[in-house]
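J.: model the following, please.
(2 chains)
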Amino acid sequence: MTKQEKQMCAKLAGPETGIEIKHSVCDICTPGPQCGLNVYVKDGKAIKIEGMPEFPSNRGKLCTKGAANRQYVYREDRIKTPMKRVGERGSDDFVPISWEEALDTIAQKLSEIREAYGPESVAWFTGYTKWIRPWLRRLCNSFGGHNYMTESSTCFRSGRMANETIFGRDMRGDLMGRPQLLVGWACNPYINAYVMGQGFVRAKEAGAKIIIIDVRHTQAAEKLADLFLRPRIGTDIVLAHAIANLIIQNGWQDQAFIDQYVHGFEEYRNMVSAYDLETAERITGVPQKDIRTAAEWMSQIKPACITPSNGIVHHINGYNAHRAVMCLDLITGNVDKPGTILPVYDTYCDIGSGFSTYEEEFMNETSTPKTVPQIGEERFPLWNRMTSDAQTMDLPRQVLEGKPYEIHALAAFGVNTMIFPEPGKFREAMKKLDFIFATDLFWTDACKYADIVLPVCSSLERSELKCYPGGVMYYVSPAIAPLYESRDDVEVMTELAKRLCPEDKLLCAGYHESLRYMFRDELEDLEKARETGMPHRCSKFKPYIPGTYLKNGPETKTGKLELYSELIREIDPDYHLDPLPVYYDGNRGTDPEKYPFVLMTGARLPNTIHSRGHKVPWLRSLRPDPMVDISPEDARALGIRQGDKVRLYSETGEIHLLANVTEVASQGELHLIHGYEEANASDLIATDYLDPYSGFPSYKQLRCAIEKEDA
Amino acid sequence: MSYKISFYPERCVACGACAVACMDQNDIQVQDGAQPFRRSYQIDYHADGNPHIGYFSAACEHCDDAPCIDACPSNCISKDAETGFTVYDNTNCIGCRSCSMACPHGAPVMDLNGKMSKCDGCNERVKVGLSPACVAVCPFDALKLEEENAD
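T.: Next up, the predicted model:
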């Protein structure tokens, strides 16, 4: 090989090889940490991906999924052209059509439905990630509707609601503020959010103590934990209450803080007093001495940062679980101080960046008065009080029952049937609708039920502004041209706006003009970020000064931090929502004899997020088959060996997959990542198995049984 | 002077980012049956009566005295004078797998054309001052490119 051939082979960028490095952003995982990318481009094609060294969060690093961006973008099942259904709903009978025909058809159908049944009869949904949300909300508003809904009906929002209930505002752990104690509750940051994982590692290296509380034996448990507590699935509230009880019994609470800032301490103290160490050990399985150590550390080491991750809300009593954990911050006085938890002020797309925009105004200024309840409003009143979204989990029911009114169309930007417990019910609902259109990168099960399917592009193929904590604005241009005939989602919304609500001139003007409206106080910064394509520190950035929030008074009903929620007290008692974060057994109703195991779905593997990694060959190669984690003890008792075929079944459904015998799982518990079409965890979960406070499905606590199948 | 890709197991969580970055760098078509050059894995074990999980990443170790070099009848494998990496030119490879059998880790694999291939330490990248792909990506610095001075 010549030198040039060798350099070509090694993909070295430069004039000799004609390989160019372009900057982009990874959009595979959750919006918070989305990382800067260096995309190596040759003849318009991405040939290699690396982390961007200049990027403030990832600094050249990437996670497993991010490293696979190239194969993700070039996945074989990318939708190539707009498609029109010609066969039955649920079949693959589609024909390619032009963009004009597709957009005109959608506009015509939605207009007809709006005319015939009113704008509320159209449900607007967006899945992951979150970059298009301000535009879709505005489009729904300008169309005249209120049934805007997102995948946050099953993720993130419940935790935020729990924080807002207590604090009046969302709160985040302050890793930068040098906590001396970090409590990672249901938190495996190595895998879920490696940038946060790096923060944990740095804190540990700087001498902080770390408690990991997880039902699984995770990387964090193995590598980070000075103390590892392993409660049984769904018993976190008992553990939190027992810790609180011990703290209060011993007078270790921060009474001065409680007297000044906390509402409902007496009611809370009475509630937790039922959870003595013995009771707690019996229910959670955590040894009494470990609960005692946790209580000692949490009350005595300052500052402490005690936060649960998102997983904890995916239980039938998940919203209260999040509240119960956060209550520990209150009684130990670990609130609004460096290294504890600090308030979040959203800047843009659910991220607080230390400056303000007109996002809220952009989203809602075209809204009209509501004349009928939103989807889910009557079933989940707390959700409705605390968010402005419809609750997606009630969509299948409302479509099928037509109550309180009929839904006739679904406008979906990235919908996947697998997000719904009992996806069969959602498919049934989709069959009933008059019209569905779906945008997606990939051909999913939901596409088969749509009338029109539109191909949209990945983050590498579009312009996008992202904001990050610390005032960072990052506005990328496409690293490669949109593949096939794909367009970006906002472009699709702009084209629909021109046809459905032409009077909304701003929405019709497109992405950048909308940004100029939202960021009108930071226009120079916006243009500068766009021009350079590099991370740009906004000139309006003001770091938050810890203590300000408490000084100004929490934004709750009482103006105090509420252990006892006055907001919940106002809700109709017929809904049986408790102002205190009470515990009850989430497994109730299911026969433990017939279904002796408790299944948790959705605990992350490094090589996938939701269904996104399963069809990326590089990622799939790290875990080629759907597998259920089972403890060595249980496997032995059932005669199951590593890689054996097993049947996993619940009252609702069954799936077939392979056994992974590992210490990750505790005895009596099973773990399974979701999102496999051939072994879909959601098939096991009943459609009405929802948290009454948030409407969230209990993805992470479900009675089931497992048996070995014949080879 | 020679380089090594050092592995620090205490920092590894077997996330596999290294393995995927290697596949991206080397265009390894696993979907067609190609074998990766680097693998990550986790192993359960017991210590002090408690269960533990160990996390690992492994590829060619670029041994000083690499047995694959002597094992190859076609002289495909050699040491790069500049970097010390165990590199190869598989033009004359006859697919006998002697290299793979001689290697204590079985690092050399057969590519889809039946020819030997393996980690070359991202030799060309290192020569221009870049890190190997696996080292560059590793979120927790469990893999590092380190210089070793010849005695």
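
J.: spell out which parts of chain B neighbour chain A.
T.: B:10-11, B:13-17, B:19-21, B:23-25, B:28-31, B:36, B:40, B:44, B:51-53, B:55, B:89, B:122-125, B:128, B:130, B:133, B:136-140 (Cβ under 8 Å from any Cβ of the partner chain). Any C-beta I mention is one placed from the backbone N, CA and C, and that applies to glycine too.

J.: in ChimeraX, how would I select the buried members of the residues you listed?
T.: One line in ChimeraX is enough to select the buried members of the residues of chain B next to chain A, burial here meaning 16 or more other Cβ atoms under 10 Å in any protein chain shown:
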select /B:11,13,14,15,16,17,19,20,21,23,24,25,28,30,36,40,53,55,122,123,124,125,130,133,136,137,138,139,140
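
J.: give me the subset of the residues of chain B next to chain A lying in strands.
T.: B:Ser40, B:Asp44, B:Pro51, B:His52, B:Ile53, B:Tyr55 (DSSP state E).

J.: widest-spaced pair of those residues?
T.: By the measure Cβ to Cβ, B:Ser40 and B:Pro51 form the most distant pair in those, at 20.0 Å.

J.: quick one: low-confidence parts of chain A?
T.: Residues of chain A meeting the criterion pLDDT under 70: A:711.

J.: again, 80 this time
T.: Within chain A, the stretches with pLDDT under 80 are A:31, A:588, A:711.

J.: tell me the domain boundaries of it?
T.: Here the domain assignment for chain A is A:3-73, A:83-151+A:349-537, A:171-343, A:597-708, based on automatic domain parsing.

J.: okay if I get those as CSV plus distance to A:Glu570?
T.: CSV is the format used below for these (distance: least, Cβ to Cβ, whole Å):
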stretch, distance to A:Glu570
domain A:3-73, 32
domain A:83-151+A:349-537, 8
domain A:171-343, 14
domain A:597-708, 14
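
J.: quick check, A:Cys327 in contact with A:Pro581.
T.: Yes - judged on Cβ atoms under 8 Å, A:Cys327 makes contact with A:Pro581 at a distance of 6.5 Å.

J.: now do the SS call for B:Gln42.
T.: Per DSSP: H, G, I helix; E, B strand; the rest coil, the local secondary structure of B:Gln42 is strand.

J.: local confidence estimate at it?
T.: Listed pLDDT for B:Gln42 reads 96.

J.: just give the nearest non-adjacent residue to it, would you?
T.: B:Ala14 (4.5 Å; Cβ to Cβ, 6 or more residues apart in numbering or on different chains).

J.: from chain A, how far off is the residue in chain B sticking out farthest from the centre?
T.: When distances are taken from the C-alpha mean of chain B, B:Gly49 lies farthest, 33.8 Å away, according to Cα atoms, centre = their mean. Going from B:Gly49 to chain A by Cβ to the nearest Cβ, to the nearest Å gives 13 Å.

J.: how about the residues of the stretch 401-550 of chain A by chain B?
T.: Neighbours of chain B within the stretch 401-550 of chain A, by Cβ under 8 Å from any Cβ: none found.

J.: now do the contacts for whichever residue of the stretch 401-550 of chain A sits closest to chain B.
T.: Of all residues in the stretch 401-550 of chain A, A:Leu460 sits closest to chain B, at 13.5 Å by Cβ to the nearest Cβ. When contacts are counted by Cβ atoms under 8 Å, 6 or more residues apart in numbering or on different chains, A:Leu460 touches A:Ser24, A:Leu37, A:Val39, A:Ala46, A:Asn69, A:Val73, A:Pro478, A:Ala479, A:Ile480.

J.: now with 7 Å?
T.: For A:Leu460, the contacting residues are A:Ser24, A:Val39, A:Ala46, A:Asn69, A:Val73, A:Ala479, A:Ile480, by Cβ atoms under 7 Å, 6 or more residues apart in numbering or on different chains.

J.: what do you get for A:Ala46?
T.: Taking Cβ under 7 Å, 6+ apart as the test, what A:Ala46 contacts is A:Val39, A:Tyr40, A:Arg70, A:Val73, A:Leu460, A:Ala479, A:Ile480.

J.: ok, the third one - how many residues close by?
T.: Each residue near A:Arg70 was counted by other Cβ atoms under 10 Å in any protein chain shown, and the total is 21.
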